[in-house]
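**Student:** Sequence and predicted structure below; questions after.
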Amino acid sequence: MNLSKIILDAEEFIRQMYADEASGHDYLHIKRVVTNAQKILVNVTADSDLVILSAWLHDLGDYKLNGGIDKSAELIRQFLEKKNVDEEKINRMITIVSEVSFSKGKKVSSIEAAIVQDADRLDAIGAIGIARCFAFGGSRNRLIYGENEEQKATSSVQNFYDKLLRLKDLMNTETAKHIALKRHQFMEEFLEKLSEEIN
């Protein structure tokens with residue numbers, strides 16, 4: 001089955017759905033994840049169409065965008081069945097997407113999932129990761145940082161320590177590891193400057 005046309009349809013579908021999403025999980029985030037996946041694909045052997053289509057669909061049904069309920073499998077299946085994608089490929093994409101999320105803590109079971117997971121995690125770090133962290137925090141009414149322990153625990157800055165600074169060491173592919181190192185260093189420099197300015 002040729003997925004090229006379906007990839008174009010998926011891009012347009014995602015553009016329409018997430019163009020105005022202001023939590024850092026917008027169309028442009030998803031487009032950057034696709035670009036990251038394409039960079040990684042240059043250096044690994046994988047089903048590239050499966051990777052790119054999964055990257056386009058990786059936030060479809062995400063619990064953060066659906067009131068805390070994960071609808072990924074349901075919405076991905078809905079979209080792909082309308083495009084007459086065969087059952088085996090649908091199941092593979094649902095599995096790939098289920099293994100992307102940091103919060104689910106799943107280990108990847110294929111090179112395709114490894115690539116999409118890396119591509120998404122790269123967009124959570126570096127300069128764009130910093131911007132997305134505070135955009136998401138603002139969309140959830142979180143403080144930038146806190147003065148007391150209770151405030152600190154739920155602040156956007158705490159997310160660096162809970163998640164973002166850990167991602168560098170969780171990359172699967174050599175390309176992602178290389179990119180992640182520079183982005184990680186930038187975040188550390190940012191946090192040092194932020195600490196200087198607020199203390």
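**Tutor:** On my side now, so go ahead. From a predicted model like this one, the values you see are computed outputs, not experimental measurements.
**Student:** tally of neighbours for residue 156?
**Tutor:** 19 (other Cβ atoms under 10 Å). Just so you know, the C-beta spots here come from the backbone N, C-alpha and C atoms, and that holds for glycine as well.
**Student:** For the longest helix anywhere in the chain, which helices and strands make contact with it?
**Tutor:** Using DSSP state H to define each element, the chain has its longest helix at helix 174-198. Helix 174-198 makes packing contacts with helix 27-41, helix 111-122, helix 126-139, helix 156-162 when contacts are defined by 3 or more Cβ pairs under 8 Å, 6 or more residues apart in numbering; DSSP states H and E.
**Student:** Mean neighbour count, those helices: which tops it?
**Tutor:** Between the helices and strands packed on helix 174-198, helix 111-122 has the highest mean count of neighbours, a mean of 26, where neighbours are mean count of other Cβ atoms under 10 Å.
**Student:** for the record, mean pLDDT for that helix?
**Tutor:** Helix 111-122 carries an average pLDDT of 98.
**Student:** and the angle for that helix with helix 126-139?
**Tutor:** Helix 111-122 and helix 126-139 are oriented at 70 degrees to each other (axes from the mean of the first three to the mean of the last three Cα atoms, to 10 degrees).
**Student:** tell me the centre residue of the chain?
**Tutor:** The centroid of the chain falls nearest to residue 120 when counting by Cα atoms, centre = their mean (3.1 Å).
**Student:** Of the helices and strands packed on helix 174-198, give the one that comes closest to residue 3.
**Tutor:** Of all those, it is helix 111-122 that lies closest to residue 3, at 12.3 Å by Cβ to Cβ.
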